[in-house]
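A.B. asks: Just to be clear, the model below is a prediction. Sequence and coordinates:
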Amino acid sequence: MLPVVLALLFAQSPQTTPTFLESLDVRITNVDVVVTDRAGKPVRGLRRDDFVVMENGAPQAITNFAEYGGSSGAAEAVAATTTAPAAPEAAVPPPRKFIFYIDEMSLTGRTEPHLADAAAALVHREMRPGDEALVMTHAKTAKVALDFTGDRDVVEKRLREELHHLASFRAKTTRQEDEFFLQHGPPAFTIRERVQQARIYATRVNRRVTGTLRGLLGLVGALNQMSGRKILVVLSESLPAQPGKEAFGVATLTEDLSPTRIGLGGEIVETMPSAKFDPGDAAAHASWYDVRPMIRELAARASANGVTIYTLQPDLANAVHVPGAGADVGGSRAAVIDASGGAVSQFSRQLLEGTRETLQTLADDTGGKFFLGGSQIANGFRTIAEDVSAYYSLGYRSAGGSGIQKIDVRVKGRPELVARARREILLRSPEREMDEMVAANLVLPRNVNELGIAASAGKPENRVEFMRVPVVVTIPMSNLTFLPDGDKYRAAFSVHYAAIDGAGFTTGAYREQSVDVPAAEIDAARTKPFTYTTDLAVAPGTLRVSVGVYDKASRLAGFQQLEVAAR
């Protein structure tokens, strides 16, 4: 169950002397671009005038340009009124953040060392002074296995430890538990019973997939305020875009249907002449989920925060990767067969295709690449190494507005060249950005509290279907900014909440708040706190709560995190 904001209770009054503020928002959008030929080899030596940048179909003037290659680069800054390009100057490549997200998997004993060696090679060959890496894992919930560090040996050690833990099918994953339930759960004697079993399975898979996606949303949100090139490598074997759809195929629904029902005394209670399958009846009761909107939101947030996502599906659940035939994935022709050597099942094929859709979308929309199967591991990490060492950085003044803006980057007159860049940006309001940072605070805590807020939790109450946890936020009135408004002063701020509950989900919510104080009472008001209370409905277990307050006038913020035993 997701933590849900149920009610808002309010409290006291405000304070502060008149403050007059003026702000000017000039938004520069930076786009990192990798240019290759048709064979995938990096193309260098291009200039600013070689590129075309389109936002929502409209051409944009490139105001900043840099080419980075290895440890050096060239930069070109262009004034708004300049018509001729300035001479390139030496550019120091920005520091880079390497983030490894290791989803819950069951790696084969052959794949694990191959994957660990490739990841370690990327770390040792590409991480230079100033670069940092972070390792995050996801089992029941996302957790930071290794915080940002520039120590390459430490990063390699943790990567090998986490991947070794997943090897040789020693760990029984949630995916395996879900599939075991579908295949060996309560016996189904009719199609409708089988459909009901599939619906339960779909609910379980949806919980796992949305948990992973929410963990990734928190992670890319935490990268928002970090500068430099940000590379997110996502390793996953099962992350379908439509969780549970694989259970509603004809073969899956009719598999193992018993032709007879046996009573307690051994008598035949019901006989089915055959496993009848009525597609219309099955479709009427089918119920799977669609997380493609969440996937697109994740890609948009990553793009907005300058994060390029590379995705790799190293092992294919119950199938294996065979080079040389089939679909073209990650630069190679590939076929999929069952691990035993036969044709892959309809169930596994749909699971594979659903996961491919998720990972391909995340990579394509952010300027990265997707790689499928163990044979593509080396190629995948080699591509990442080439991309982070040879690329172009383009900057332009965004037209503004809000929401998702489409981006298209091309090389003029060179159709044989491929330009990879993020495909969209998400322009957010300060409140939306704050909401994201509060959720990210659950993943990577922010030691920022400019407003001096405090957060505490009341006694959890058992409501049978959920636990109700009151969360109290106290804001010193002296830290809020009050502006004159007629015969009173007004402060406007927003209060944001996010939580990870016992079910492993993350969510966020925020509420707008304003406080009016008569001019004659402003001095007295500044000595009082403002108390804001909300109730969270959560699953039983340990609850982590993140709280943030954003002052609209001063643009100052405060963050707090607390842990609650919701039992």
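C.D. replies: That came through fine. Computed from a predicted structure; not experimentally measured.
A.B. asks: Buried residues in the helix or strand that contains Pro113, which are they?
C.D. replies: Using DSSP states H and E, Pro113 sits within helix 111-126. For helix 111-126, burial by neighbour count (16 or more other CB atoms under 10 Å) applies to Thr111, Glu112, His114, Leu115, Ala116, Asp117, Ala118, Ala119, Ala120, Leu122, Val123, Glu126. In short, each C-beta sits where N, CA and C put it, glycine included.
A.B. asks: for the residue lying closest to Glu386 once chain neighbours are set aside, what are its contacts?
C.D. replies: Nearest residue to Glu386, sequence neighbours excluded (CB to CB, 6 or more residues apart in numbering): Pro42, at 5.7 Å. Shown in contact with Pro42 (CB atoms under 8 Å, 6 or more residues apart in numbering): Val34, Val35, Thr36, Glu386, Ala390.
A.B. asks: before we move on, back to that, quick one: average confidence on the helix or strand that comes right after the helix holding Pro113?
C.D. replies: Sequence order places strand 132-138 as the next helix or strand after helix 111-126, per DSSP H and E. Taken as a whole, strand 132-138 has an average pLDDT of 92.
A.B. asks: quick one: strands adjacent to strand 132-138?
C.D. replies: strand 96-102 (parallel), strand 142-149 (antiparallel) (DSSP bridges).
A.B. asks: now it, how far from the centre of its chain.
C.D. replies: 13 Å (CA atoms, centre = their mean, to the nearest Å).
A.B. asks: ok and it relative to helix 111-126, angle-wise?
C.D. replies: 160 degrees (axes from the mean of the first three to the mean of the last three CA atoms, to 10 degrees).
A.B. asks: Which parts of the stretch 401-550 of the chain are strands?
C.D. replies: Listed in chain order, the strands of the stretch 401-550 of the chain (DSSP state E, counting those that start in this stretch) span 403-411, 418-420, 424-427, 454-457, 461-462, 467-476, 483-485, 488-500, 506-518, 529-538, 541-551.
A.B. asks: quick one: strands adjacent to the first one?
C.D. replies: The reference is to strand 403-411. strand 51-55 (antiparallel), strand 424-427 (antiparallel).
A.B. asks: returning to that earlier point: out of the strands paired with strand 132-138, deepest packed?
C.D. replies: Ranked by mean neighbour count under mean count of other CB atoms under 10 Å, the strands paired with strand 132-138 are led by strand 96-102, which reaches a mean of 22.
A.B. asks: what about stretch 538-547, average pLDDT?
C.D. replies: The model assigns stretch 538-547 a mean pLDDT of 84.
A.B. asks: Quick check: buried residues in it?
C.D. replies: For stretch 538-547, by 16+ other CB under 10 Å, it's Val538, Ala539, Pro540, Gly541, Leu543, Arg544, Val545, Ser546, Val547.
A.B. asks: what does the domain assignment say about the protein?
C.D. replies: 4-23+430-566, 28-93+388-427, 96-387 (automatic domain parsing).
A.B. asks: For the stretch 301-450 of the chain, give me the ranges with low pLDDT.
C.D. replies: For the stretch 301-450 of the chain, applying pLDDT under 70 flags the ranges 316-344, 399-402.
A.B. asks: If you count neighbours, what's buried in stretch 46-59?
C.D. replies: Buried-residue list, stretch 46-59, by 16+ other CB under 10 Å: Leu46, Arg48, Asp50, Phe51, Val52, Val53, Glu55.
A.B. asks: so how far is Ala537 from Ile500?
C.D. replies: Going from Ile500 to Ala537 by CB to CB, to the nearest Å gives 14 Å.
A.B. asks: more crowded one of the two?
C.D. replies: More crowded of Ile500 and Ala537, by other CB atoms under 10 Å: Ile500, with 28 against 20.
A.B. asks: Isn't the more buried one up against Val538?
C.D. replies: No. Between Ile500 and Val538 there is no contact under CB atoms under 8 Å: 9.1 Å.
A.B. asks: Which members of the contacts of Pro42 are classed as buried?
C.D. replies: Buried among the contacts of Pro42 (16+ other CB under 10 Å): Val34, Val35, Thr36, Glu386, Ala390.
A.B. asks: Provide a list of residue ranges in the stretch 151-300 of the chain with pLDDT below threshold.
C.D. replies: In the stretch 151-300 of the chain, residues with pLDDT under 70: 168-171, 189, 250-286.
A.B. asks: could you pull out the strands for it?
C.D. replies: Going by DSSP E, counting those that start in this stretch, the stretch 151-300 of the chain shows strands at 229-235, 260-262, 268-271.
A.B. asks: who does the first one touch, helix- and strand-wise?
C.D. replies: With contacts defined as 3 or more CB pairs under 8 Å, 6 or more residues apart in numbering; DSSP states H and E, strand 229-235 has these neighbours: strand 96-102, helix 191-222, strand 307-313, helix 377-389.
A.B. asks: now those in CSV, with distance to Arg446?
C.D. replies: Below are the helices and strands packed on strand 229-235 laid out as CSV (distance: least, CB to CB, whole Å):
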stretch, distance to Arg446
strand 96-102, 16
helix 191-222, 8
strand 307-313, 17
helix 377-389, 26
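A.B. asks: Please work out which of the ones you listed is packed deepest.
C.D. replies: Greatest burial across the helices and strands packed on strand 229-235, using mean count of other CB under 10 Å, falls to strand 307-313, with a mean of 27.
A.B. asks: Could you quantify the relative orientation of that one and helix 377-389 as an angle?
C.D. replies: Interaxial angle, strand 307-313 versus helix 377-389 (the same axes, to 10 degrees): 170 degrees.
A.B. asks: Tell me which residues are up against strand 307-313.
C.D. replies: With CB under 8 Å, 6+ apart as the criterion, strand 307-313 contacts 32, 99, 220, 223, 229-237, 299, 302, 352, 355-356, 359-360, 362-363, 366-373, 376-377, 380, 383-384, 387, 422.
A.B. asks: Could you identify the buried members of those residues?
C.D. replies: 32, 99, 220, 223, 229-237, 299, 302, 352, 355-356, 359-360, 362-363, 366-373, 376-377, 380, 383-384, 387, 422.
A.B. asks: looking at it, Pro518 is touching Arg490, isn't it?
C.D. replies: No. Judged on CB under 8 Å, Pro518 makes no contact with Arg490 at a distance of 10.9 Å.
A.B. asks: Between the two, tell me which one has more neighbours.
C.D. replies: Neighbour count, other CB under 10 Å: between Pro518 and Arg490, Arg490 has more, with 16 against 12.
A.B. asks: Show me the beta-bridge partners of the more buried one.
C.D. replies: Beta-bridge pairing for Arg490 (DSSP bridges): Leu483, Asp516.
A.B. asks: ok, it - contacts?
C.D. replies: Contacts of Arg490 (CB under 8 Å, 6+ apart): Phe482, Leu483, Ser514, Val515, Asp516, Val517.
A.B. asks: same check, this time on Met105
C.D. replies: Leu166, Thr173, Leu235, Ser236, Glu237, Ser238, Pro314, Asp315.
A.B. asks: how about it, secondary structure?
C.D. replies: coil (DSSP: H, G, I helix; E, B strand; the rest coil).
A.B. asks: Would you report the backbone torsion angles of it?
C.D. replies: Phi and psi for Met105, reported as degrees, to the nearest 10, are phi -140, psi 170.
A.B. asks: Ok, Ala553 next?
C.D. replies: Backbone geometry at Ala553, expressed as degrees, to the nearest 10, gives phi -80, psi -50.
A.B. asks: how close does it get to Ala524?
C.D. replies: 21 Å.
A.B. asks: Next: Asp365.
C.D. replies: Taking CB to CB, one finds Asp365 at 53 Å from Ala524.
A.B. asks: quick one: which of these two has more around it?
C.D. replies: Of the pair Asp365 and Ala524, Asp365 is the one with more neighbours under other CB under 10 Å, namely 19 against 13.
A.B. asks: from what I can see that one touches Glu297, true?
C.D. replies: No. Judged on CB under 8 Å, Asp365 makes no contact with Glu297 at a distance of 10.6 Å.
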